Each structure stands twice: as C-alpha cells, then as structure tokens.
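Colleague: A structural model of the following input is requested.
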Amino acid sequence: MSISSIVQEQRRFFDAGSTRSYNFRKTALLSLRKSILANGALIEDALKKDLGKAATEIYMTETGMVLEEISFHLKHLKHWMKDKTVPTPLSQFHGKSIISPEPHGVALIMSPWNYPLQLCLAPVVGAISGGNCVVVKPSAYAANTSHAIAKILGDAFNPEHIAVIEGGRSENSALLDEKFDYIFFTGSVSVGKIVMAAASKNLTPVTLELGGKSPCIIDETANIKLAARRAAFGKVLNGGQTCVAPDYLFVHKSVKSAFIDAFKAALDEFFPNGDLTEMPSIINDKHFERVSGLMKGEKVVCGGRTDPTKRLIEATLLDDVSPDAPVMQEEIFGPVFPIMPFSDISKCIDYIKKNPKPLALYLFTNSKKTEQQVLNNCSFGGGCINDTIIHLASSQLSFGGVGDSGMGEYHGKASFDTFSHKRSIIKKFNWIDLPMRYHPYSKIKLNLIRMFLK
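Modeller: Down below sits the predicted model:
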C-alpha cells in the first residue's frame with residue numbers, strides 16, 4: 001500500500017470516531033505493552049546489532065522507559081480525557097466554561113537512530129493516549145531496530161490505526177509531502193528545519209526534539225568524586241550518542257586536577273582493565289570518523305583509544321580546549337569530553353548565553369548562590385543539579401527543547417497534551433440574555449461594559 005493510501009485509510013478510520021473513546025485508547029496501550037514484552041528478545045538482538053548495547057543498558061534506556069511511560073498513561077488517562085470546568089467571567093453570565101481535549105487526527109512520528117526504540121515508541125504512547133491515528137517512520141540507520149518496531153506495531157495494531165513506514169530519504173520526503181494533522185520529529189537541527197518547512201506548507205503544528213551542545217559545569221564546591229562519576233555516566237551512556245549528553249565541561253581551575261583523576265577512576269570502575277565490551281559502538285563509519293577526528297590536535301588527558309573495526313571510542317577527556325577548537329563548533333554526539341577551565345562562573349554563563357540555547361544543562365555545585373545564578377541567567381530545555389541525564393527518565397517531568405534545541409514537549413501528561421487539541425467552549429444558558437452587548441449602543445451600556453471589563 002502506498003504512503004498516500006495509508007494516510008487516506010487512517011483519516012477515514014479517524015473520522016469514523018473509533019479512536020476517541022477511553023476504552024479504545026486503553027486497549028491500544030495494553031496491546032502495545034503486550035507486543036513489546038512478547039518481542040523482548042527481538043528488541044535486545046536488534047539493538048545489539050545496531051549499537052552494540054548491553055542488555056542492562058537496553059532495558060534501562062529503551063524498553064523499560066517505554067513500558068514505564070505506558071504504565072503512567074494507563075494510570076492517568078481517564079482523568080486527562082475529562083472535560084475541565086473553569087471559572088466563567090461575570091461578563092459572560094450565565095454560562096459554563098469548559099476546556100475539552102480532542103485528538104489532532106492523523107499524526108506523523110519521525111524518530112532517530114540513537115535511541116531507536118525509545119524515541120520512536122514513547123511519542124507513539126502519547127499519540128495513542130491522545131486518540132490519534134499514527135504513521136511511524138523509524139530511522140533507517142538503525143535498520144534492525146526499525147524492523148523490530150515494524151513487527152511490534154504490526155502485531156499490535158491494524159495499519160489504519162498505527163502504520164510503520166520503513167526506508168530512507170525517499171520515504172521521508174514522500175511522508176513530508178502528505179498532509180498530517182500533527183508532526184512529531186526527533187533528530188538533528190538541520191533535518192528539523194526541513195520538517196518545519198514542509199509542515200508550514202499545510203500549517204501543520206510540529207514538535208521538534210533536537211539537540212545541541214549541552215554544558216556541564218563543575219564548580220569548586222562540588223563533590224568531585226560523585227560529579228566525575230555522574231558526568232562520566234552521562235558521557236558514556238549509549239557511547240555518548242545521546243541528545244542530552246553533557247557535551248563539554250566547565251571545570252573550576254582549583255578542582256580540575258582532582259576531577260580528571262576522579263573521572264579516570266570512574267572509567268576504571270565502569271570498564272575494568274580497559275575492557276570496552278559493554279561500551280556501545282558508534283552508529284556507522286561516517287560518525288566514527290567524525291567523532292575520532294574531533295580529538296586531533298587536542299591534549300588528551302584520559303582515554304583516547306579507538307577501534308575502527310568495532311567502531312568503538314574510549315571515553316576521552318580533552319584538557320584546556322579553546323572555544324574556537326573544532327570540537328567546540330558542533331554537537332559531539334560521542335564519548336569525547338572537552339574541558340574548558342574557569343575561575344569565574346560569570347564567564348561560563350556569558351559563554352552559554354551567547355551560544356544557541358542547549359537542550360540540557362548540568363551543574364555540579366553545593367552553592368545555592370551559584371545554583372540560582374546559573375538557573376536565573378541560562379536558558380535550556382531541562383537539566384540536573386548534581387547529576388546528568390536522569391531528568392528525562394521521569395514521566396512526571398515534561399521533556400523538550402527551547403530555541404535552537406527544539407520546540408514542544410512530551411513525556412507523561414505533556415505527551416497527552418502535545419497530541420491533543422484543547423477546545424475552549426462556553427455553554428450559555430437561555431434564561432437570561434444581557435442586552436448591553438447589542439446595538440444600539442448607549443452611554444449606559446458603555447458604563448455597564450466598563451464595570452464588567454476592567
């Protein structure tokens with residue numbers, strides 16, 4: 001079936017009203033969970049082939065997060081779907097004001113290769129909860145996981161409700177030529193601009209989950225051992241191929257040496273005897289060469305080993321990096337960590353403010369003053385104080401970017417809200433009809449209106 005035919009079939013199915021009921025949405029979420037659990041071995045094998053992920057990391061960052069999201073939606077969906085009554089102004093007496101969520105319609109979800117299962121299926125959960133039909137486009141770079149997603153969703157749903165389109169650029173282009181009611185895209189800034197331009201032709205609303213260079217600040221008051229361990233965790237997770245990975249380090253000069261030693265100790269703990277068996281691989285040769293090339297000419301103080309045959313890069317610290325260095329000109333998306341020493345936190349803030357707004361920011365400090373100084377002056381999508389990455393693992397917190405790092409948000413209720421349109425409705429009662437709004441106008445009517453509207 002062609003892409004156009006699939007979209008048309010979904011629109012017919014949606015227009016019939018089948019997806020709107022609570023029972024339909026609940027059953028669909030349960031079907032998705034059942035299919036994920038039934039295909040656990042397939043998921044693990046696919047992610048091992050695509051990214052060399054260990055079983056623990058697969059469940060922690062992919063399967064488990066999707067299952068938790070489904071559970072959260074099942075728990076709260078009935079409440080989210082209810083119409084909400086809000087106060088009605090006296091000027092609209094006598095009436096009832098209602099906010100009523102409704103589905104957008106037929107949604108397109110385009111997902112990336114770095115967390116190919118989680119970043120595909122987590123938005124699908126929100127789209128189902130919102131009562132939409134969905135066309136899903138997984139990344140061709142993670143081909144094995146793309147096939148697994150097609151099976152998972154194919155086992156759980158009819159294509160008139162949820163359909164998967166596999167393929168590469170030609171399929172992406174064909175999808176963006178279609179008219180959707182909502183587009184949810186996760187990926188690079190460059191492709192995000194293409195998606196937004198295509199959406200603008202039909203005035204289609206979009207969520208763009210992008211990325212950028214997310215700073216990690218270690219000040220002189222931080223718990224250095226713990227900061228190094230948690231920063232290292234954030235950098236080696238998925239081989240550094242995480243949109244919210246700490247991209248570069250600001251380390252206070254007085255603790256830089258101690259931080260480097262603690263970072264090395266953390267890596268020795270993570271990978272005993274330098275064994276990188278559980279280190280995820282870089283997705284392909286092109287990205288391996290790009291990330292490896294960012295280390296050239298820099299001062300390596302930790303790590304630096306690479307294995308082109310397995311596309312492995314050891315977690316690497318680069319010391320005294322210049323803001324003008326190539327490694328500071330693009331999102332690294334790999335386990336290379338440049339250090340820019342500082343002595344004045346205001347200099348870090350100035351640097352962050354003059355560059356594109358990052359998707360995440362991480363600050364390690366025990367100073368309330370520094371914490372407030374950074375939070376009150378730096379704009380970013382989300383982040384952590386004294387940790388990295390974990391803010392995106394909570395269904396109670398929305399996740400999304402700002403400025404160059406994206407627009408819109410999801411996770412938990414934010415996913416339901418993203419895939420729903422909130423209709424504002426006033427239901428007026430017929431027993432009274434205030435005459436002041438009607439012609440002919442008079443000074444008395446004007447004075448009455450001024451009493452109500454002020």
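
Colleague: which ones are touching residue 25?
Modeller: 19, 77, 81, 128, 129, 131 (C-beta atoms under 8 Å, 6 or more residues apart in numbering). Glycine gets a C-beta too; all of them are placed from N, C-alpha and C.

Colleague: one more time with 7 Å, if that's ok
Modeller: When contacts are counted by C-beta atoms under 7 Å, 6 or more residues apart in numbering, residue 25 touches 77, 128, 129, 131.

Colleague: Name the residues of whichever strand or helix holds residue 370 that come out as buried.
Modeller: Assigned by DSSP states H and E, residue 370 falls within helix 368-377. Across helix 368-377, burial judged by 16 or more other C-beta atoms under 10 Å covers 370, 371, 373, 374.

Colleague: ok so, going back, and which of the contacts of residue 25 is nearest to residue 348?
Modeller: Among the contacts of residue 25, residue 129 lies closest to residue 348 (C-beta to C-beta), at 39.5 Å.

Colleague: my read: that closest one touches residue 77, true?
Modeller: Yes: counting by C-beta atoms under 7 Å, residue 129 touches residue 77, with 5.5 Å between them.

Colleague: who has more neighbours, those two?
Modeller: The residue with more neighbours, out of residue 129 and residue 77, is residue 129; 29 against 19, by other C-beta atoms under 10 Å.

Colleague: Show the pLDDT at the more buried one.
Modeller: Confidence at residue 129, expressed as pLDDT, is 98.

Colleague: Could you do the one 10 residues further on as well?
Modeller: Among the per-residue scores, residue 139 shows a pLDDT of 97.

Colleague: now swap in residue 132 and tell me
Modeller: Here, the pLDDT recorded for residue 132 equals 98.

Colleague: residues near it, how many?
Modeller: Counted with other C-beta under 10 Å, residues neighbouring residue 132 total 27.

Colleague: How about the one 10 residues further on?
Modeller: Other residues near residue 142 come to 26 when the count uses other C-beta under 10 Å.

Colleague: Do I have it right that it meets residue 115?
Modeller: No: counting by C-beta under 7 Å, residue 142 does not reach residue 115; the two are 9.1 Å apart.

Colleague: domain ranges for this structure?
Modeller: According to automatic domain parsing, the chain comprises the domains 3-210+403-422, 214-393.

Colleague: got TSV for those, with distance to residue 436 too?
Modeller: Output for those, formatted as TSV (distance: least, C-beta to C-beta, whole Å):
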stretch	distance to residue 436
domain 3-210+403-422	9
domain 214-393	45
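
Colleague: Now do the strands for the stretch 151-300 of the chain: every range, in order, please.
Modeller: 162-164, 182-186, 206-209, 214-218, 246-252, 299-302 (DSSP state E, counting those that start in this stretch).

Colleague: The helix or strand hosting residue 337: partners in the sheet, and parallel or antiparallel?
Modeller: Assigned by DSSP H and E, residue 337 falls within strand 336-342. Here strand 336-342 has these sheet partners by DSSP bridges: strand 246-252 (parallel), strand 316-319 (parallel).

Colleague: the inter-axis angle of the next helix-or-strand element following that strand versus helix 368-377?
Modeller: As assigned by DSSP H and E, the chain's next helix or strand after strand 336-342 is helix 345-354. On the basis of axes from the mean of the first three to the mean of the last three C-alpha atoms, to 10 degrees, helix 345-354 is oriented at 20 degrees to helix 368-377.

Colleague: Okay, buried residues for helix 345-354 please.
Modeller: Result for helix 345-354 [16+ other C-beta under 10 Å]: buried residues 345, 348, 349, 351, 352.

Colleague: do stretch 412-422 as well
Modeller: 412, 413, 414, 415, 416, 417, 418, 419, 420.

Colleague: Correct me if wrong, but the fifth one is in a strand.
Modeller: When you say that, I think you mean residue 416. No: applying DSSP: H, G, I helix; E, B strand; the rest coil, one finds residue 416 to be helix, outside a strand.

Colleague: residues touching it, list them.
Modeller: Residues in contact with residue 416 (C-beta under 7 Å, 6+ apart) are 80, 126, 129, 130.

Colleague: what number of residues lie near the residue nearest to residue 355 when sequence neighbours are not counted?
Modeller: Using C-beta to C-beta, 6 or more residues apart in numbering and skipping residues adjacent in sequence, the residue nearest residue 355 is residue 213, 7.0 Å away. When neighbours are defined as other C-beta under 10 Å, residue 213 has 23 of them.

Colleague: before we move on, what about residue 451?
Modeller: Neighbours of residue 451 (other C-beta under 10 Å): 11.

Colleague: Next: residue 236.
Modeller: For residue 236, the count of nearby residues is 26 (other C-beta under 10 Å).

Colleague: Test for you: state the pLDDT assigned to residue 239.
Modeller: So, for residue 239, pLDDT stands at 96.

Colleague: Name the nearest residue to it, sequence neighbours excluded.
Modeller: Residue 239's closest residue in space is residue 280 (C-beta to C-beta, 6+ apart), at 3.8 Å.

Colleague: contacting residues around that neighbour?
Modeller: Residue 280 neighbours (C-beta under 7 Å, 6+ apart): 51, 52, 53, 57, 238, 239.

Colleague: and which of those is nearest residue 401?
Modeller: Closest approach to residue 401 among those (C-beta to C-beta): residue 238, at 18.3 Å.

Colleague: Cross-check the contact I'm expecting between the closest one and residue 113.
Modeller: No: contact criterion C-beta under 7 Å: residue 238 and residue 113 do not qualify, at 10.6 Å.

Colleague: Pull out the buried residues from stretch 376-388.
Modeller: For stretch 376-388, by 16+ other C-beta under 10 Å, it's 378, 380, 381, 382, 383, 384, 387, 388.

Colleague: The closest residue to residue 87 other than its chain neighbours - how many residues pack around it?
Modeller: Nearest non-adjacent residue to residue 87, counting by C-beta to C-beta, 6+ apart: residue 97, 6.7 Å away. The burial count assigned to residue 97 is 15, neighbours taken as other C-beta under 10 Å.

Colleague: I'd assumed residue 448 was in a helix, is it?
Modeller: Yes: if the criterion is three-state DSSP, then residue 448 is within a helix.

Colleague: how much space between the closest residue to it other than its chain neighbours and residue 426?
Modeller: Leaving aside its sequence neighbours, residue 448 sits nearest to residue 436 (C-beta to C-beta, 6+ apart; 4.6 Å). Separation of residue 436 from residue 426 (C-beta to C-beta, to the nearest Å): 17 Å.

Colleague: Nice, that's everything, thank you.
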